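Undergrad: sequence plus predicted model, see below.
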Protein chains: 2
Amino acid sequence: MSELTDRQKFILTLVVHEHIRSAAPVGSDLLVKNYQLDISSATVRNEMSALTELGYLRQPHTSAGRVPTEEGYRYFVSHLMRDTELPETTRRMISHQFHQTRNDADEWMRLAASVLARQSSVASLVTAPHPDKARLKHLELISTRGRQALMITVTIGGEIHQRIVTVNDPVTQEMLTITSQRLTGLFSGKGADEIQAWQAQLQGLDAEIAAWLVDEMIEADALGSGDIYLDGLKNVLAEPEFSGSEEARRALRLLEERPLLYDLLSNTKVSNGIGGVQVLIGGEGAWDEFRQWSMVLAPYGQPGLATGTLGVMGPIRMPYGRAISAVRFLAGILSEMVTESLEE
Amino acid sequence: MSELTDRQKFILTLVVHEHIRSAAPVGSDLLVKNYQLDISSATVRNEMSALTELGYLRQPHTSAGRVPTEEGYRYFVSHLMRDTELPETTRRMISHQFHQTRNDADEWMRLAASVLARQSSVASLVTAPHPDKARLKHLELISTRGRQALMITVTIGGEIHQRIVTVNDPVTQEMLTITSQRLTGLFSGKGADEIQAWQAQLQGLDAEIAAWLVDEMIEADALGSGDIYLDGLKNVLAEPEFSGSEEARRALRLLEERPLLYDLLSNTKVSNGIGGVQVLIGGEGAWDEFRQWSMVLAPYGQPGLATGTLGVMGPIRMPYGRAISAVRFLAGILSEMVTESLEE
DNA sequence: TTTAGCACTCAAACAAAGAGAGTGCTAAAA
DNA sequence: TTTTAGCACTCTCTTTGTTTGAGTGCTAAA
């Protein structure tokens, strides 16, 4: 596949750069002039013609300049783009910001989404870190009234779930305290399956609460508190490809329909991997909704303990260099934060 | 102000209806034809002319039909609109949906936003119920490692806050349990100020934790967990007035800049009140960002216990009838849910 | 292999011409 | 006095044709 000459690679790079900059088709003249090439526009035209033949460029219409195809972007990202890093000062600043927030996952996610959006100048999304299998750390029961109690479960990852439970007979706070202490002792470190296995051996209030607990843990496993943090949508809507209301609406659809996002994010297999960063261009053919979109995603966290995904999404014509470096850096930072805070 | 003749009122009503339906200026001919009026278009023209003089209608340009002014909408909403209710079956269905969710405020908010968006066909927003003053119900400390612990505070409204605290010396779970029980006993039902007053009399670990607790309670008071739930943005972007990317972007701005929303929502004084429902048309002159928007808001909850705000926002040309009835009904439902679940 | 030159193409910008929706005014009818 | 038919007028929107210019591909010379 990589039968491109050096000059073709160079020209492809220029076309991609220029198109990302200007959002318009790139012509041979313009390229020669803007980049002071010491070859003529006719030569550039010949090379462009070859690149078109190879499927890396296309013409919106006969007398227009060239635009990169999805394939062209893919080639650019995997072979031509020089692998940048965020500047030292920026990295310092961001790192500082993170260490200054209070120790709160919610804050981190928000901050990560915000920084990511600003650095990449497209839209960002961050999922909360989620353990592969929820394990109980602590159970707490608080009496509310009569037969109702507030059940709070803390998992080893640090996630907190709450739910109101109803038991068969009225209970006092003491009874609840005792039960919660006993169950915490029994089940600490255990997952839904193990709790369920034990459950049969319990009686009375303990058994009732344990049933609720199993229910809760199962729910926690099933993606549970998987909030998605979004930011920078305005960046994307400002891009010319979304100026038509049709595309703008479609963009919004993506964001309001969380299931679609989940589907996409959970499908984070490493294909185009660059240090864990995955680039999906034009929906990779599979995702029809995303034909106009690209995403740069990376997993973060501590495998086995808790992992999440973060990334950016924008038009195919996206500043991949900046996006990739921002995503990689923030995946690193968040991994660090999660690891630091969640180590037992 | 109300010197309109019956016929003028009738025509204003028709213009508003027709404009809301068609999004286009409304002409005299069209009105006569579409609504089978038994007066001539010339008469309608005369009346329209009068309404324009009075400031209730305006012409986008000389040879165009009429469009309601903000003043026209206001008159319509407060004098002409017949006060509808959601159909019985719909009310039943919604109510059923709420009672079927698990007892979880988060779910309710989400559901309320979703139902509101669907019923009104514009965008909806719901703030979580928030007590005027947070009062501690229960304090829980969970050891994580070394000098760190997870502090969980449950307030009387049922809100849960978590935060990681660091104390001066290493602690065990027992020490933490004892401290949390003692402090829960001491401060249950108390607010930030009362806890602060007592704090001086404590020593050692208790004092340290109490200091963190005060901090947390103060934060809880300050709007704290005030998430805003949004839904139905796609409805709004589908409207023709937001087809230009400029307006679409502005719409997005409103939604990403939560502070602006907070500002607006917390300013829910009752002016145009209809059974607690407040209608803000075209930003009411004051909010420049909202010149193209209208909002229908209502407070809900139990004053003294916990209150929140919910409502819809959309273009000025909004189906006020449906919006108002939906907002009123859902404010009722949510009040009920909150009251039922939070009574001590 | 590169490049100058040139004919050709096609979208976008512009201008002129109509069509159509709607108005306001006047004078007649009710 | 109020309503209405009639009509001239206004202004946007659409259509149609024209021009412009960026950009191409091809050919033939360097």
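TA: Perfect, I can see it now.
Undergrad: now the residue in the stretch 101-250 of chain A positioned nearest to DNA strand C. Nearest residue, chain neighbours left out?
TA: Closest contact between the stretch 101-250 of chain A and DNA strand C, by C-beta to the nearest atom of the strand, is at A:Pro240 (11.4 Å). (C-beta placed from N, C-alpha, C; glycine too.) In space, and not counting its chain neighbours, A:Pro240 is closest to A:Ala23: 4.9 Å by C-beta to C-beta, 6 or more residues apart in numbering or on different chains.
Undergrad: for the one you found, what are its contacts?
TA: A:Ala23 makes contact with A:239-241, A:317 under the criterion C-beta atoms under 8 Å, 6 or more residues apart in numbering or on different chains.
Undergrad: show the buried residues in these.
TA: Those of the contacts of A:Ala23 that meet the buried threshold are A:239, A:241, A:317, by 16 or more other C-beta atoms under 10 Å in any protein chain shown.
Undergrad: do I have it right that the last one meets A:Val236?
TA: Think A:Arg317. No - the criterion here is C-beta atoms under 8 Å, and A:Arg317 misses it with A:Val236 at 11.2 Å.
Undergrad: coming back round to it: from the buried ones among the contacts of A:Ala23, pick the one nearest A:Met81.
TA: A:Arg317 (14.1 Å; C-beta to C-beta).
Undergrad: so that closest one lies in a helix, does it not?
TA: No - A:Arg317 sits outside any helix when classified using DSSP: H, G, I helix; E, B strand; the rest coil, being coil.
Undergrad: can you map out the strands along the stretch 101-250 of chain A?
TA: All strands of the stretch 101-250 of chain A, identified by DSSP state E, counting those that start in this stretch, fall at A:123-127, A:136-145, A:148-155, A:160-166, A:228-231.
Undergrad: output the contacting helices and strands for the last one.
TA: Contacts defined by 3 or more C-beta pairs under 8 Å, 6 or more residues apart in numbering or on different chains; DSSP states H and E place strand A:228-231 against helix A:105-120, strand A:123-127, helix A:258-266.
Undergrad: any idea which of the ones you listed gets closest to A:Leu80?
TA: Evaluated over these, closeness to A:Leu80 peaks at helix A:105-120, with 19.2 Å, by C-beta to C-beta.
Undergrad: how far is the helix or strand containing A:Met337 from where the chain is centred?
TA: Assigned by DSSP states H and E, A:Met337 belongs to helix A:320-342. In terms of C-alpha atoms, centre = their mean, to the nearest Å, the centre of helix A:320-342 is found 11 Å from the chain centre.
Undergrad: that older thread, so which of the helices and strands packed on strand A:228-231 gets nearest B:Gly332?
TA: That would be helix A:258-266 among the helices and strands packed on strand A:228-231, by C-beta to C-beta, at 27.7 Å.
Undergrad: which of the strands of the stretch 101-250 of chain A sits most buried?
TA: strand A:123-127 (a mean of 27; mean count of other C-beta atoms under 10 Å in any protein chain shown).
Undergrad: wondering if that one reaches chain B at all.
TA: No - against chain B, strand A:123-127 shows no contacts by C-beta under 8 Å from any C-beta of the partner chain, the least distance being 10.1 Å.
Undergrad: report all helices and strands that that strand contacts.
TA: helix A:105-120, strand A:228-231, helix A:233-237, helix A:258-266, strand A:306-315.
Undergrad: point out the most buried one among these.
TA: strand A:306-315 (a mean of 26).
Undergrad: next, the angle helix A:105-120 makes with that strand.
TA: Angle of strand A:306-315 versus helix A:105-120, following axes from the mean of the first three to the mean of the last three C-alpha atoms, to 10 degrees, is 30 degrees.
Undergrad: strand A:306-315 - contacts with which helices or strands?
TA: helix A:105-120, strand A:123-127, helix A:233-237, helix A:258-266, strand A:293-302, helix A:320-342.
Undergrad: give me the pLDDT for the residue in chain A positioned nearest to DNA strand D.
TA: Among all residues of chain A, A:Gly27 sits closest to DNA strand D, at 2.6 Å; criterion: C-beta to the nearest atom of the strand. For A:Gly27, the pLDDT comes out at 94.
Undergrad: for the spatially closest residue to it that is not a sequence neighbour, grab the count of nearby residues.
TA: Leaving aside its chain neighbours, A:Gly27 sits nearest to A:Gly65 (3.6 Å; criterion: C-beta to C-beta, 6+ apart). A:Gly65 has 20 neighbouring residues, counting by other C-beta atoms under 10 Å in any protein chain shown.
Undergrad: hmm, A:Gly65 is touching A:Leu14, no?
TA: No - counting by C-beta under 8 Å, A:Gly65 stays clear of A:Leu14, with 11.8 Å between them.
Undergrad: in chain A, what spans have low per-residue confidence?
TA: For chain A, the stretches with pLDDT under 70 are A:1-2, A:223-226, A:244-245, A:267-275, A:342-344.
Undergrad: which residue is it, in it, that comes closest to DNA strand C?
TA: Nearest residue of chain A to DNA strand C, counting by C-beta to the nearest atom of the strand: A:Ser63, 2.7 Å away.
Undergrad: in what helix or strand does that residue lie?
TA: A:Ser63 belongs to no helix or strand, assigned by DSSP H and E.
Undergrad: just to revisit the earlier point, reformat the helices and strands packed on strand A:123-127 as CSV; add distance to DNA strand C.
TA: Below are the helices and strands packed on strand A:123-127 laid out as CSV (distance: least, C-beta to the nearest atom of the strand, whole Å):
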stretch, distance to DNA strand C
helix A:105-120, 28
strand A:228-231, 32
helix A:233-237, 21
helix A:258-266, 31
strand A:306-315, 17
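Undergrad: can you list the ones you listed in CSV and add distance to B:Ala123?
TA: Output for the helices and strands packed on strand A:123-127, formatted as CSV (distance: least, C-beta to C-beta, whole Å):
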stretch, distance to B:Ala123
helix A:105-120, 21
strand A:228-231, 16
helix A:233-237, 14
helix A:258-266, 16
strand A:306-315, 22
